[in-house]
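# A predicted structure for the sequence below; I have some questions about it.
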Amino acid sequence: MADRARWRAAALSAALVLASAAGAQAPYTMAGETVRVLVASSAGGTGDLQARLVADRLSEVLPGHPAIIVQNVPGGAGLRLLEFVDQLDAATEHFVYVIPSNMPFEARAGAIAPEAFDPRAVQWVGSYAGSAGVCVVSAASGITSVEGFRTRRVTMGVTEVSSNTYASYRMLQEAGLMIDPVVGYDSYATITLAVLRNELDGLCTSYATYVTLLRPEVEKGTLIPVLSTGPYPLPDLGIPWMVDLEMPAGIRPLVETAVQVTSFARPWVAAPDADPDFVAAIRTAFAGIVADPVFAAQTAALDVEVRYASPEDIAAAVDQLYATPDTLIAEVFDLLFAE
């Protein structure tokens with residue numbers, strides 16, 4: 001009887017071990033698989049560079065070390081990328097895509113159909129590129145602060161009307177600054193040269209371009225920073241932020257809404273129906289890469305501004321965008337994109 005009891009106890013113990021093993025989930029792995037990183041910008045551009053800084057590290061940090069392929073799909077301000085993504089099947093392959101920062105706003109404004117891109121339905125991975133901007137003027141212009149823009153007309157260079165810089169100029173005009181945009185330069189290096197030659201009074205550009213291209217001239221005293229633009233201030237520069245400028249009460253909601261358009265730069269996106277384990281893995285990998293000191297050294301060497309936005313940060317900004325009244329969204333869209 002005792003032997004039979006011991007046998008039953010042993011059999012029950014073995015059954016429990018097998019059940020526990022069967023119920024335990026094996027660690028998620030992507031060994032032998034491939035992840036495609038699709039980028040809306042052309043190869044060699046700033047957006048492509050920023051995407052590849054992360055993509056180059058993905059294989060080493062994703063579970064199972066999958067192969068990583070970066071694929072550029074430029075055209076149509078990101079619309080061609082959306083068309084390409086629409087042909088993919090998230091159930092059979094792993095991919096993420098990097099979109100222009102103003103795409104959620106355009107979707108909210110109705111310029112992009114919800115079936116093509118719905119910022120409330122996609123699974124956000126994160127963003128690490130900052131989107132602050134800096135406006136500078138030539139010391140020879142005689143302007144020493146942004147208040148000088150209220151007493152005389154100021155010529156400011158820009159590449160094209162579809163750029164974020166031109167959008168900033170439009171917002172600043174609405175805020176009462178007398179800016180005359182001069183459109184058609186092929187690069188911000190060319191615009192800077194025109195300013196140094198006193199052909200233009202100044203320019204606004206990204207903080208990263210300020211660091212690499214303009215700050216040496218600021219240190220020489222030939223250029224003077226007067227204003228920061230974009231979704232957050234740059235207090236270290238000791239200059240005012242566009243949102244804090246004096247402006248008509250009716251204009252402030254326009255400006256505050258407009259800065260939401262670039263509240264995160266070139267965010268990474270996973271498809272709405274992407275495998276949850278894949279999304280969790282790439283979110284963790286993305287956040288870990290951005291926080292890594294090696295990555296910080298790489299970005300510092302390239303003068304890329306790093307400002308991490310989590311999936312929750314981006315989703316909250318999108319929720320705020322969709323909570324903004326339709327009439328205000330339409331006003332901002334017409335102001336920034338009608339031309």
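Perfect, thanks for sending it. Numbers count the residues shown, from 1 in each chain.
# give the burial count for residue 119, as a bare number.
Number of residues near residue 119 (other CB atoms under 10 Å) recorded here: 24. In this view, the C-beta of every residue, glycine as well, is placed from N, C-alpha and C.
# and for residue 250?
Residue 250: 9 neighbours (other CB under 10 Å).
# who are the neighbours in contact with it?
Residue 250 sits next to no residue when contact means CB atoms under 8 Å, 6 or more residues apart in numbering.
# any idea how far it is from residue 174?
According to CB to CB, to the nearest Å, residue 250 and residue 174 sit 9 Å apart.
# for the helix or strand harbouring residue 329, which outside residues touch it?
Assessed by DSSP states H and E, residue 329 sits inside helix 326-337. Contacting residues not belonging to helix 326-337 are listed as 105-106, 108-109, 111, 162, 167, 170-171, 174, 253-254, 257-258, 261, 321 [CB under 8 Å, 6+ apart].
# buried set for stretch 241-248?
Within stretch 241-248, the residues scored as buried using 16 or more other CB atoms under 10 Å are 241-243, 245, 247.
# right, and out of those residues, which lies closest to residue 183?
residue 242 (20.1 Å; CB to CB).
# which phi and psi does the closest one have?
Backbone torsions of residue 242, given as degrees, to the nearest 10, read phi -60, psi -30.
# cool, residue 138 as well?
Dihedral pair for residue 138: phi -70, psi 140, per degrees, to the nearest 10.
# where do the strands sit along this structure?
Assigned by DSSP state E, the chain shows strands spanning 34-39, 67-72, 94-98, 123-129, 133-138, 154-158, 179-183, 202-206, 223-229, 268-270, 306-309.
# ok, residues contacting the third one?
I take that to be strand 94-98. By CB under 8 Å, 6+ apart, the residues outside strand 94-98 that reach it are 30, 33-41, 47, 51, 66, 81, 85, 88, 125, 266-271, 274-275, 278, 282.
# how does it look with 6 Å?
35-39, 51, 81, 85, 88, 125, 266, 268-270, 278 (CB atoms under 6 Å, 6 or more residues apart in numbering).
# can you give the strand pairings for that strand, parallel or anti for each?
strand 34-39 (parallel), strand 268-270 (antiparallel) (DSSP bridges).
# buried deepest among the ones you listed, which one?
Neighbour counts (mean count of other CB atoms under 10 Å) averaged over each of those peak at strand 268-270, with a mean of 24.
# so how far is it from its chain's centroid?
Relative to its chain's centre, strand 268-270 lies at 11 Å (CA atoms, centre = their mean, to the nearest Å).
# residue 72 bridge partners, please.
Beta bridges link residue 72 to residue 39, judged by DSSP bridges.
# in contact with it, which residues?
39, 42-43.
# how much space between residue 56 and residue 307?
20 Å.
# swap in residue 48?
19 Å.
# so between these two, which is more surrounded?
With neighbours defined as other CB under 10 Å, residue 48 and residue 307 compare such that residue 48 has more, 20 against 16.
# one step back: got the strands of the chain as TSV, with distance to residue 335 and mean pLDDT columns?
Shown next, in TSV, are those (distance: least, CB to CB, whole Å; pLDDT from 0 to 100):
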stretch	distance to residue 335	mean pLDDT
strand 34-39	28	95
strand 67-72	31	94
strand 94-98	26	96
strand 123-129	24	92
strand 133-138	17	96
strand 154-158	16	96
strand 179-183	13	96
strand 202-206	16	93
strand 223-229	15	96
strand 268-270	26	96
strand 306-309	25	87
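# single out the most deeply packed of these.
It is strand 202-206: most buried of the strands of the chain by mean count of other CB under 10 Å, with a mean of 27.
# strand partners (parallel or antiparallel) of that one?
strand 133-138 (antiparallel), strand 154-158 (parallel).
# mind checking which of these is nearest residue 93?
Of all the strands paired with strand 202-206, strand 133-138 sits nearest to residue 93, with 36.9 Å by CB to CB.
# and that closest one with strand 223-229, angle?
Relative orientation of strand 133-138 versus strand 223-229 (axes from the mean of the first three to the mean of the last three CA atoms, to 10 degrees): 150 degrees.
# export strand 133-138 to PDB, keeping only CA atoms.
In PDB, the C-alpha atoms belonging to strand 133-138 read as follows (Å, rounded to 0.1, in the frame of the first residue of the first chain):
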ATOM      1  CA  GLY A 133      14.700  75.500 -34.200                       C
ATOM      2  CA  VAL A 134      16.800  78.600 -33.900                       C
ATOM      3  CA  CYS A 135      16.500  81.900 -35.700                       C
ATOM      4  CA  VAL A 136      19.700  84.000 -36.200                       C
ATOM      5  CA  VAL A 137      20.400  87.400 -37.800                       C
ATOM      6  CA  SER A 138      23.500  89.000 -39.200                       C
END
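# residues in contact with it: which ones?
If you take CB under 6 Å, 6+ apart as the criterion, strand 133-138 is touched by 143, 195, 201-202, 204, 206-207, 210, 214, 223-230.
# for residue 66, grab phi and psi.
According to degrees, to the nearest 10, residue 66 has phi -70, psi 160.
# how near is it to residue 174?
Distance, residue 66 to residue 174, by CB to CB: 48 Å.
# so which of the contacts of residue 72 is the closest to residue 316?
residue 39 (24.7 Å).
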